[in-house]
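Undergrad: turn this into a structure:
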Amino acid sequence: MKSETRSAEAQVDSSSCWKRKAVDSLLSDPQEKRERLELSPQDVLTVKDVCDLIHYITLRRSHSVRRPSWFGVSDERVSRVNVMVLDGLTQSHFYRYFSVFRHLRNRYSARWTLAPSSGDPLTSDLLSAEVTVCDRAAETRVELPAALRWHPVIRRFGLSTTGLTNFLLTQQEMIKQKYPVKGGQGCEGFMCTESDGGVTDSSPLFGLDCEMCLTCAGLEVTRVALVDSSGRCVLDELVKPPNPIIDYCTRFSGITRALLEPVSTRLADVQSRLLQLLPPDAVLVGHSLDGDLRALHLVHPHVVDTSLLYRQEFGRRFKLRHLAQVILKREIQSEVRIGHDPCEDALAALHLAQYFIRKGPRKVVEDHLEDLWDLECPEDDDSDHVISSKRHSSPLRFGHALSRSGQSAVFLGGSVETSGSLSNQQCRRHRCSSDREVVCVYRRVVQSYTLSVLQFSSFRNTLNQTAAMGAHLEQVCERLQQMCVLYVGPLPSDATETLVHRLLKRCGHLRTVRLLHYTHEVHAEVVFVHLEGAQLALEHLNGLQINGCIIKARRPVHELCLDLDERLSERQNDPLNTRLIYVSNLSSKPHRHEDQLQTFRQFGAIQCVTSAAEHAGKRGRHAFIRFECADSAQAAVGVDLQIGNRKLSVCHALTPPHMTSWTRPVTTETSPDTSEQGEECDERLLERQMKKLDARVGKVFRALEENCLSVVILPGHRRYVS
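TA: Sure, this is the predicted structure:
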């Protein structure tokens, strides 16, 4: 019986899961600049696993989403996700045209096999999927009174959020609130602070405030104040604008003609002072700081805006004076004094931010629900009502949770089936007529969305126009299987398949053995499960004598194998395989396992050993060993090793960790009328399409914003699998 399924692969960018600058992360030393993903040993992922990963990255701060057991990230600043879906491509395509996928194989150094799905598009599953929250967080969310549960501060920051970094404005929020950002519209010629350092919860806070006057060019800065974390004013400077002043706005700014008359300080001077005073990991704090930074012509990536911390419904904001009076019990901007004092305002904003970070969003809302937000918190002692709420509360869907937390998603592609299932409120849709348009649109909107899903359909469309998909996939799988095939012989005339198995099992696990009696002498066609088994057999079998027959192992003489050496070299240099070796002829007895580990520990620290048990209570005779560094793997390959009376065979790994076999049996529906010339034309056309597709993946990768995790999915297409 045959069932309909999909062949797929998921790749996650673990070598650059967060990006400070595109140039830095792509061109500099990867060991120095790039963070790593912490991965649990799991070969196969499901669509739900991918959805859980995206849920965790985007919602872990606002909804206490449970972390997937198979995934961990060493940098907590990762908060954005980009998903690229390469329609029509399978795992087999990726490894058949491995040399073509320059960006896919080098940029993305973590790969998994994606299990067959029910046929629903990933994007539909993603936005409608139920979000899995921590048990304690779910219970707390239900038990909270509605006034707290739906409070705008709680919806944005969650209940248990702590630490400075969780209250910084994301780049998406900065763009939405009209903050100046690098490369943003209207920010040409703005000075960028040298704040490329990683911000932590202990990074220093600096309060900033400006006073402005109206000139013929608009509002321009006339006074700047900066206070440090201790509240000390480190900068208080008057600034003469370059344009004639129309209105000094003395009532608010406190600036007069007489006050500015002797001033010679210009905007460039203040910018230089600020750059000198701010350390690389500085965080600027202010109340509606976007206007101050625009007046200063300054771009700074790490900002806390107190008007967005103490937020209200429908985008309304509290005045700084009101916040200081209610929260700090302090009077600022007194009416008996002409104009505002920027040092006083900057200090008030600093103390408001420090108070919010120290107390946490839940405590702030509970303490000031009535005096600040003018809301009542009714007490509900009815435990039956709480239990009923737990039982009947509707599940939290990802699309709604993303929108509720102030984040947004975008889908770019041409699939009617996929995009039609997404509501405009949950995800903005942009139908693109080509892959090129997908890349162009993404480059324009990349800064505006927390989650972006890009669908590339050119390869699938090419397959539909050129040849039957089944025939093409069968050809691709055959090319991969040919790499694992050897012809062994001549063999004795009475040779059996059992004899061949016994002869070759020391090199690797065999999938099939077929004796060839129609040749001048008996030979055997052998198909190994892994490329490494065939490689070791080539190296160790030649010259072996059995009953007077000198045996040789040969690759098939076939057009599919003409470039086999180059393809094997590519597999060996795969970033996933540089620290991995393949060992055969191991003992299957469990008590010898420690001896085997001790033998290989002499070359360096071992990260893990992967070996499939052939029988209950026994270990497989072949294993993959992953070292901590590539030098250890290189050293182990070049040494003759023996444990007891067993001589081990060792070679560089050619099979990536997530693949269990190169030779899974696949049957497909083929078209009966296909000429060889047509197949060759299709082959060249498909290879060009894959090169273009890989180039577009590279362009998207270079456009990724800071703190973005990139996921590439090869979903395959419908086919028949035995």
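Undergrad: now stretch 222-235: buried residues?
TA: Within stretch 222-235, the residues that count as buried by 16 or more other C-beta atoms under 10 Å are Thr222, Arg223, Val224, Ala225, Leu226, Val227, Asp228, Leu235. (C-beta placed from N, C-alpha, C; glycine too.)
Undergrad: nearest to Gly533, of the residues you listed?
TA: Here the nearest of those to Gly533, counting by C-beta to C-beta, is Asp228; it sits at 65.1 Å.
Undergrad: quick one: the closest one and Ser203, what's the gap?
TA: To Ser203, Asp228 is 12 Å away according to C-beta to C-beta, to the nearest Å.
Undergrad: ok, Val299 next?
TA: 18 Å.
Undergrad: also Ile643?
TA: From Ile643 over to Ser203 (counting by C-beta to C-beta), the distance is 53 Å.
Undergrad: surely Ser202 forms part of a helix?
TA: No - counting by DSSP: H, G, I helix; E, B strand; the rest coil, Ser202 is not part of a helix but coil.
Undergrad: residues contacting the residue nearest to it when sequence neighbours are not counted?
TA: Once flanking residues are discounted, Ser202 sits nearest to Leu164: 7.6 Å by C-beta to C-beta, 6 or more residues apart in numbering. With C-beta atoms under 8 Å, 6 or more residues apart in numbering as the criterion, the residues that contact Leu164 are Val199, Thr200, Asp201, Ser202, Ser203, Leu205, Val283, Val304, Ile357.
Undergrad: can you put those residues in CSV and add pLDDT, distance to Phe101 and neighbour count?
TA: Formatted as CSV, the contacts of Leu164 follow (pLDDT from 0 to 100; distance: C-beta to C-beta, whole Å; neighbours: other C-beta atoms under 10 Å):
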residue, pLDDT, distance to Phe101, neighbour count
Val199, 87, 35, 18
Thr200, 88, 37, 13
Asp201, 90, 39, 12
Ser202, 90, 42, 9
Ser203, 93, 39, 20
Leu205, 96, 45, 21
Val283, 95, 40, 24
Val304, 96, 42, 24
Ile357, 95, 45, 22
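Undergrad: neighbours of the nearest residue to Glu370 once chain neighbours are set aside, how many?
TA: Nearest non-adjacent residue to Glu370, counting by C-beta to C-beta, 6+ apart: Glu376, 6.5 Å away. For Glu376, the count of nearby residues is 10 (other C-beta atoms under 10 Å).
Undergrad: next: Thr512.
TA: The burial count for Thr512: 13, using other C-beta under 10 Å.
Undergrad: surely it touches Val529?
TA: No - Thr512 is not in contact with Val529 according to C-beta atoms under 8 Å; the separation is 9.8 Å.
Undergrad: contacting residues for Ala409?
TA: The contact partners of Ala409, taken as C-beta under 8 Å, 6+ apart, are Leu127, Gly399, Leu402, Gln426, Cys427, Arg428, Tyr449, Thr450, Leu451, Ser452, Val453.
Undergrad: could I get these as TSV with pLDDT?
TA: Below are these laid out as TSV (pLDDT from 0 to 100):
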residue	pLDDT
Leu127	71
Gly399	78
Leu402	79
Gln426	57
Cys427	72
Arg428	80
Tyr449	83
Thr450	83
Leu451	88
Ser452	88
Val453	90
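Undergrad: how about those residues in JSON lines, adding secondary structure?
TA: Below are the contacts of Ala409 laid out as JSON lines (three-state DSSP):
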{"residue": "Leu127", "secondary structure": "helix"}
{"residue": "Gly399", "secondary structure": "helix"}
{"residue": "Leu402", "secondary structure": "helix"}
{"residue": "Gln426", "secondary structure": "coil"}
{"residue": "Cys427", "secondary structure": "coil"}
{"residue": "Arg428", "secondary structure": "strand"}
{"residue": "Tyr449", "secondary structure": "coil"}
{"residue": "Thr450", "secondary structure": "coil"}
{"residue": "Leu451", "secondary structure": "strand"}
{"residue": "Ser452", "secondary structure": "strand"}
{"residue": "Val453", "secondary structure": "strand"}
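Undergrad: on the three-state scheme, Pro575 is what?
TA: The assignment at Pro575 comes out as coil when based on three-state DSSP.
Undergrad: from Lys176, how far out is it?
TA: Pro575 is 37 Å from Lys176, by C-beta to C-beta.
Undergrad: which one of those two has more residues nearby?
TA: Higher neighbour count among Pro575 and Lys176: Pro575, with 18 against 14, using other C-beta under 10 Å.
Undergrad: neighbours around Gly218, how many?
TA: 11.
Undergrad: err, Arg362, not the other one
TA: 19.
Undergrad: can you give me the buried ones in the helix or strand containing it?
TA: Per DSSP states H and E: Arg362 is located in helix 361-368. For helix 361-368, burial by neighbour count (16+ other C-beta under 10 Å) applies to Pro361, Arg362, Val364, Val365, Glu366, His368.
Undergrad: tell me the one of the residues you listed nearest Cys507?
TA: Here the nearest of those to Cys507, counting by C-beta to C-beta, is Pro361; it sits at 61.3 Å.
Undergrad: residues touching the closest one, list them.
TA: Per C-beta under 8 Å, 6+ apart, neighbours of Pro361: Val153, Ile154, Arg156, Phe157, Gly158, Leu159, Thr161.
Undergrad: which non-adjacent residue is nearest it?
TA: Phe157 (4.2 Å).
Undergrad: what's the average pLDDT for stretch 87-102?
TA: Mean per-residue pLDDT for stretch 87-102: 82.
Undergrad: before we move on, back to that, among the buried residues of stretch 222-235, list the two that are farthest apart in space.
TA: Thr222 and Asp228 (22.5 Å).
Undergrad: so where is the stretch 151-300 of the chain shaky, pLDDT-wise?
TA: Across the stretch 151-300 of the chain, the ranges flagged by pLDDT under 70 are 196-197.
Undergrad: pLDDT-wise, which helix or strand of this structure ranks last?
TA: Every helix and strand of the chain was ranked by mean pLDDT, DSSP states H and E. The lowest is helix 22-27, at a mean of 28.
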